[in-house]
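Novice: quick check, what structure comes out for this input:
(3 chains)
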Amino acid sequence: MSYTVVSNLDQAVEALAKSAGKARVVAGATDLFLGNLPSELVDISTVPDLLGINRDPDCLSVGAGVTHAGAAASPVIRLKAEALAEACREVGSPQVRNISTLGGNVVNAAPAADAAVALVALGAKAVLLDLSGGHREVAVEDLYANYNLSVVDSSSEILLRFLLAPAVRGEGSAFLRFAPREALSLPLVNAAARVRLKGNTIEAIRAVIAPVSPAPTRLNETEKLLLGSKPGQDTWRRVEYTAAAEVDVRGSMLRCSAEYRHHLVGVLARRVIRKALERALDSKEGGDGR
Amino acid sequence: MPVIKKAESVLRKGRSGSAVNQGPDVWAKATGKAVYGTDLHFPGMLYGKVLRSPHPHARIKGIDTAGAYAVPGVRSVLTAGDIRNKSYGIVVEDEQPLAHNRVRYIGDEVAAVVAVDEDSASKALEAIKVEYEPLPAVFDPAEALLDEAVQIHDSCPGNIAWERDMERGEPERAFAGADLVVENSFSIPSVHPTYLEPIACVAVSDYMDNLTIHTALQSPDVVREIIAGALDLPLSKVRIIGPVMGGGFGGRVYGNLKLYLLSSLLSMHTGSPVKMRLTREEEFTVGRPMIAARMKVRMALRRDGTFLARESDIITDNGAYSAQAPWVSKTLSERNDSVYRIPNIKTRARLAYTNKVPTAQYRAYGNQAANFAYESLIDQAAEKLGLDPLQLRLKNCTHSGDVTVHGLDIKSCALSECLQKAAEKVGWNNRKEGCGYGISAGIHASGSLVANKDFRGASARAVLELDGRVTIYTGEQEYGQGAYGAFVQIAARTLGLEPQLLTIYCRDSLVTPHSQGALANRQTTIGGRAIQLAAEDLKILIEEAASEMTGEPVKMKGGSLAAASGKLIRFEEVARYHHHRTSGLTLTGEGRYVPPHTDYDETSYGNISVTYSFAAHAAEVEVDRETGALTVHRIVAIHDSGHIINPPGARGQIYGGVTQGLGFGCYEGYVFDRGKVANSSLADYRIPTALDVPRIDCHFIETDDPEGPFGAKGLGEVVQVPVPGAIANAVADAIGVRVTNLPITAEKIYRAMFKGECAE
Amino acid sequence: MKEQVIAFELNGETVEAYTDPALSLLHLLRSRFNLLGTKEGCGRGECGACTVLVDGRAVNSCLVPAGKVQGRKVYTIEGVTAEGLSRGAKVHPLQEAFVESGAVQCGFCTPGMIMSTYALLNDNSSPSPEEVKEAISGNLCRCSGYKQIEEAILEAAQRLKAQDWQDRNTGKT
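Specialist: This is a model prediction of the structure:
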């Protein structure tokens, strides 16, 4: 195997182009040894273009090479994309968080990947660079071809960054994870939500659950139920039923039964949306300078 | 009658003081210099690997190893036909180094290769062609016991590896006359000791048939005998030297005999040192977990809560080969009967062969598994009778001076005090809103006879070195659990010397006395006593030699040697005096300790151990009412282990043991998929992380045991025993329904709450 | 298997290894550099026994391909020990705190624990008990139940502050 550490994007593109499909980009590489080794690897983990966390008034840009630890600790992400910071804090262990990246998390295409779930809930788009220098933007939820298979071809495309709208006053986001152990655990269910209030009414909502399909999945019916509403006790009960009813789940011998997972989907969807809503309410009251 | 010395603990937070209490390797461990099995390297060393069966049950029709020999770097390939392949075993001789014509579980050893590096050895394995004819396999122990089940061992009809029917008193009558009978079924999966260092060894043989195996073992002397027997080598030519041990917990008592035998054979065939190790995955697929058990139990009580009788029908899962599963089954099926005064017992226990990974032992030897079942049932009875579970236990618990239903002679026991203290500390009568509380009581033997009735004791030597220091030679094993510290304390106290002047030497079978090893909770009590006796013997020898040297009576006291005239004598002087007059010998005290009054008859009735340790644990838990997620807030662990010789070490044992108990109760358990271990990684076989451990409060109630050295009793195994039961009872208290199979996961709690499901 | 030269800084020293870049950093350290203090507990990043620092951050060396450390700073338990010696102490205060707090039982998790602790205290010289637990949440221990390890870390934090012990060798970026 050949392994090249590149220090800028041009080098990365050149290395991929030269290899005619045999080379792949890699960042954290934490999943490398757990599968088949490609014959050539291009390590982009130190490319500066991929490491920035930048904030415009309208756009928060998070480099694909930002580690989970970096995202969890970033004041900007904690303030403006809280669900993402929360998700990144929960991944695996400190050792894994220190080296695995958001880009890797999405391209690895694990159905329940924590950061990916938060990114989809936040409405993030991925910016992809191809070998001819062209850019395209794709919604994160559209990057999944199948279970554990990304649309992104790591031998000819590089995921550069994620773009999302930073939270404004009246908005809140949250991430919840249900796992059998407090660390070093894959989740049974991940849930994330982003809510925007106008007055006390939900003006916009994105609610995402995983793993219920190859990609982190929007709870469309649940969102419809809540859009334009002022949720009360009854609504929350309906949210739970609706969320559970609108997804298909698989059971697994090692994780949990399908029935239990279904139940968890309902409960976690309700809890995470509620949490996002509370944060949205808090942000209206608090003068946190948003 | 022994008196409870102190009602409070002697535990202090903080420093263990000098590192001398912690074993000779503690600084090496902290600096990365400690040498474990996998760190060993010898000149010319080769690497061995094992080819394993992918089938749970199959006939071997042929093995073609030609391809393996063609792989560059391969030095030897062995199949059953290449070696003597003698049968061996710890209890039942049902195993051979390599499968001869039949494999009996996924992972069964079929061939072994050795090469210049692991990669080449792996390639060699891939090049071996084995033709299998799959046979029907049986995975469920109850099914294995049916007449129509496939027979796994021709020598064991009915797939019964061990069985016992035991009756004490008149159980039928007791049940007939009872005011209340409660019953339930419980199931406990196999669990793996999950020491952090996977098993590794280096076998070094020479042209003179000398064989040295470098591997960390809790019972190296027993392993040595098995290996010598299996390989037809004279025992005196087999030596085991222990590198530092990365955890044992019962899993390294006899370790992985296959690995030691195969590496020895490969070394004998190549004349080179051969290193073999288990990967973590192999630890889970072919390493030995503790037996799984299914228990149908019922209890008879009087209305006032008096325990009248208990009946159990137990099936334990042996896996494909027996190892020490019969002994574990025995302990599991009887030990807990002595926690309380239960005059009538009926137990049927059967250990069944199945086509799964062979089982063995874990710390506490099945005691904790049965404790979970029995303590759960007691709470059920309490509920039915409207009695406080604490009061019910206090009413029936064993006391000092009792002889229990199986003949255990209880010479010191503070169980009642432990229960009361546990309840007090957890806030039994001052409960927090929304929390569940549970309590459990346990017993363990301090050096039981389970393993070998004919070899009950221990011996030790204490040597006065020429520099005035003392070296203790013991066959007991230290692996960070505090045995070293306890032994140093015992010897230091006996001799009146500073601990820094003592060294404990324990890891070389050529040099150290034979020992049954670190199991059955015997090291402190039995091993420690032998050390105490050896030290006493040495003291006398020193005084005698000094007296002879000076011509006047000399006494050793408070760390000095003083003649009657008041003159002080240096230890080095006496040592040299003796050295010269004998032309090279050193003053050597010998200690022999055979626990008195320990024996049992053919029904297993008898005092199986010289003393017993007791414990009561209480748990405070909270259950998420929607998801069933369990949070254990606190575990209170109260222990009667006699006099605590090494308090910081004891504290470490409690935290470690309780955390293991937490794992046993809430996280761990083998999951099988048609005979294949489905959770064969640390991601899927989950032990507690630092974030999972609750607050643990521990206290010792010191009793003055007449047998143990300075009144000490064992602690190492009993620590884990009551934890799963306490947690199970707390969960039942919290949700009003009982989970009867381990581990208690969120999903099981959810099912119990919403579906009223109790088992499976 | 194509070998390449990988130049990096190991425990403060510039070194070069000629190796298959797919070899894990764990095996590179153990077999090529003979640094046996970093342990293999599982080989899959699930136990933390192989924890080392790369550019000052705690990582599972069993998951890091050798190729990745090109140009980086790697720090192992041997580096920590050497640091202690270089300051005229017998061992690093961290190691001393571990031993004296009874945090070392079988010792197999100890090097990994110490490296995670080292990274924590570099980042945060006064961690709370929660932060301490979090920092070692990726390091499994089967012997100790973690309590004495956590006490050792809090103790170590005190000692490092008291001794004003500056860490220059980690190369944290």
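
Novice: B:L630 bridge partners, please.
Specialist: B:V623 (DSSP bridges).

Novice: list the contacts for it?
Specialist: Taking C-beta atoms under 8 Å, 6 or more residues apart in numbering or on different chains, we find B:L630 in contact with B:V621, B:E622, B:V623, B:D624, B:C666, B:V731, B:I744, B:T745, B:A746, B:I749. Backbone N, C-alpha and C define where each C-beta goes, glycine included.

Novice: if I've got this straight, the last one is in a helix?
Specialist: Yes - applying DSSP: H, G, I helix; E, B strand; the rest coil, one finds B:I749 inside a helix.

Novice: what's the closest non-adjacent residue to it?
Specialist: Residue nearest to B:I749 in three dimensions, not counting chain neighbours: B:G628, with 3.6 Å by C-beta to C-beta, 6 or more residues apart in numbering or on different chains.

Novice: tell me, how many residues neighbour that neighbour?
Specialist: Per other C-beta atoms under 10 Å in any protein chain shown, the neighbour tally for B:G628 reads 24.

Novice: measure it to B:T316 for me?
Specialist: According to C-beta to C-beta, to the nearest Å, B:G628 stands 29 Å off from B:T316.

Novice: how about the helices in the stretch 101-250 of chain A?
Specialist: Counting by DSSP state H, counting those that start in this stretch, the stretch 101-250 of chain A has helices at residues A:102-107, A:114-122, A:220-226, A:233-245.

Novice: kindly report the same for chain C.
Specialist: Using DSSP state H, the helices of chain C run over residues C:25-27, C:77-86, C:93-100, C:110-123, C:129-135, C:147-162.

Novice: adding mean neighbour count, write the ones you listed out as JSON lines.
Specialist: Formatted as JSON lines, these follow (neighbours: other C-beta atoms under 10 Å in any protein chain shown):
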{"stretch": "helix C:25-27", "mean neighbour count": "23"}
{"stretch": "helix C:77-86", "mean neighbour count": "21"}
{"stretch": "helix C:93-100", "mean neighbour count": "25"}
{"stretch": "helix C:110-123", "mean neighbour count": "26"}
{"stretch": "helix C:129-135", "mean neighbour count": "18"}
{"stretch": "helix C:147-162", "mean neighbour count": "21"}
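
Novice: now render those as CSV, adding mean pLDDT.
Specialist: Conversion of the helices of chain C to CSV gives the following (pLDDT from 0 to 100):
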stretch, mean pLDDT
helix C:25-27, 98
helix C:77-86, 95
helix C:93-100, 95
helix C:110-123, 97
helix C:129-135, 98
helix C:147-162, 95
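
Novice: so for C:Q4, which of the ones you listed sits nearest?
Specialist: Among the helices of chain C, the nearest to C:Q4 by C-beta to C-beta is helix C:25-27 (14.5 Å).

Novice: report the distance from whichever strand or helix holds B:E620 to the chain centre.
Specialist: Using DSSP states H and E, B:E620 sits in strand B:612-623. Averaging C-alpha positions (C-alpha atoms, centre = their mean, to the nearest Å) puts strand B:612-623 20 Å from its chain's average.

Novice: also stretch B:703-713?
Specialist: 21 Å.

Novice: that stretch: which residues count as buried?
Specialist: For stretch B:703-713, a neighbour-count test (16 or more other C-beta atoms under 10 Å in any protein chain shown) marks B:T703, B:D704, B:D705, B:E707, B:G708, B:P709, B:F710, B:G711, B:A712, B:K713 as buried.

Novice: check the stretch 501-650 of chain B for the residue nearest chain C and tell me.
Specialist: B:P648 (4.4 Å; C-beta to the nearest C-beta).

Novice: quick check, that residue in a helix?
Specialist: Yes - counting by three-state DSSP, B:P648 falls inside a helix.

Novice: pretty sure it contacts C:G102?
Specialist: Yes - the criterion here is C-beta atoms under 8 Å, and B:P648 meets it with C:G102 at 4.4 Å.

Novice: looking at these two, which one has more neighbours?
Specialist: C:G102 (30 against 23).

Novice: measure the more buried one to C:R159 for me?
Specialist: From C:G102 to C:R159 the distance is 16 Å (C-beta to C-beta).

Novice: contacting residues around the residue nearest to B:I749?
Specialist: Under the criterion of C-beta under 8 Å, 6+ apart, the contact list for B:G628 reads B:T745, B:A746, B:E747, B:K748, B:I749, B:Y750, B:R751, B:A752, B:M753.

Novice: with B:V71 instead?
Specialist: Neighbour list for B:V71: B:A115, B:S120, B:K123, B:A124, B:A127 [criterion: C-beta under 8 Å, 6+ apart].

Novice: neighbours of the second one, how many?
Specialist: Residues lying near B:S120 (other C-beta under 10 Å) number 21.

Novice: could you look up the SS state of it?
Specialist: helix.

Novice: residues in contact with the spatially closest residue to it that is not a sequence neighbour?
Specialist: Distances taken as C-beta to C-beta, 6+ apart place B:G73 nearest to B:S120, at 3.6 Å, with adjacent residues excluded. Contact partners of B:G73, counting by C-beta under 8 Å, 6+ apart, are B:A115, B:V116, B:D117, B:S120.

Novice: between the residues you listed, which is nearest chain C?
Specialist: Nearest to chain C among these is B:D117, at 9.2 Å by C-beta to the nearest C-beta.

Novice: is the closest residue to that closest one other than its chain neighbours in a helix, a strand, or coil?
Specialist: Leaving aside its chain neighbours, B:D117 sits nearest to B:Y47 (5.7 Å; criterion: C-beta to C-beta, 6+ apart). Classification of B:Y47 by three-state DSSP places it in strand.
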